[in-house]
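Asker: got a sequence here, can you model it:
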Amino acid sequence: MAGKGGGAWKVAYADFVTAMMAFFLVMWLVSQNAKVKDAVAKYFMDPVGFYQVGSNKNPGDSGAIFDYEGQGRVPGKNFQLAGRGRGSHTDRRQGEAETATVEQSLTKDPEAEEYWRTQALRQKDAATESEYVREKTLSVDQAATIQLAKQLETEFAAKVPEDLDPVYRELMTASMSYVDWRGVAQGLVQRAALTRKEESN
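Answerer: As a prediction, the model looks like this:
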């Protein structure tokens, strides 16, 4: 009798296993921290880096060389945002306020401005030794910008107090994920280069 029942149960069983796999995947994702969730969201929004590669000629900006992943450029948009499913690419200019806040904090505080100017020059000097610069894959300024952006993001994240209420800590971390660190770093590198040129004249 069992042999004459057909294979319909196999289809039902395959659907059940697929549903269980999806359920446990969702449960795993819900339990992860904001950084993992953001990385998964970015992957599903742009798994092959099409927008970044297609709209920016800088190989470093596509994530192809360095492990830093910033907010990529999308044609007609200021930022490519890691959102939650549909509607995440609405033109809210999200990220501009966060980026402007970081830039203002660097220009209004003379000590911070001098510190990051020094770091920009240090990264620029270090970039001349990079294999990507020697192979002419990246310019010195491009390599310095990528590395300085990573340093900016790391140091700003480290300043979030450990004893802060988890809700406010999560909000701060989420806000910092929208900052265009690459853009901030590019401005610092350019200003540092101009300052060095003026001092040498």
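
Asker: the bottom helix or strand of the chain by mean pLDDT?
Answerer: The helix or strand of the chain with the poorest confidence is helix 50-55; it has a mean of 42 (mean pLDDT, DSSP states H and E).

Asker: next helix or strand past that one?
Answerer: helix 96-108 (DSSP states H and E).

Asker: tell me what that following helix is packed against?
Answerer: Where contact means 3 or more CB pairs under 8 Å, 6 or more residues apart in numbering; DSSP states H and E, helix 96-108 is packed against helix 110-127, helix 181-200. Glycine gets a C-beta too; all of them are placed from N, C-alpha and C.

Asker: export these to a markdown table and tack on mean pLDDT?
Answerer: Below are the helices and strands packed on helix 96-108 laid out as a markdown table (pLDDT from 0 to 100):
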| stretch | mean pLDDT |
| --- | --- |
| helix 110-127 | 88 |
| helix 181-200 | 84 |
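
Asker: so for residue 31, which of these sits nearest?
Answerer: Taking CB to CB, helix 181-200 is the member of these nearest to residue 31, at 27.3 Å.

Asker: tell me the angle of the closest one relative to helix 96-108?
Answerer: For helix 181-200 against helix 96-108, the angle by axes from the mean of the first three to the mean of the last three CA atoms, to 10 degrees is 20 degrees.

Asker: and helix 181-200, what does it pack onto?
Answerer: Helix 181-200 sits against helix 96-108, helix 110-127, helix 140-158, with contacts defined as 3+ CB pairs under 8 Å, 6+ apart.

Asker: contacts for the one helix or strand residue 29 maps to?
Answerer: Assessed by DSSP H and E, residue 29 sits inside helix 8-30. The contact list for helix 8-30 (CB atoms under 8 Å, 6 or more residues apart in numbering) reads 36-37, 40.

Asker: buried stuff in the helix or strand following it?
Answerer: Following helix 8-30 in sequence order, the next helix or strand is helix 34-45 (DSSP H and E). For helix 34-45, the neighbour count (16 or more other CB atoms under 10 Å) marks 37-38, 41-42, 45 as buried.

Asker: okay then, goodbye and thanks.
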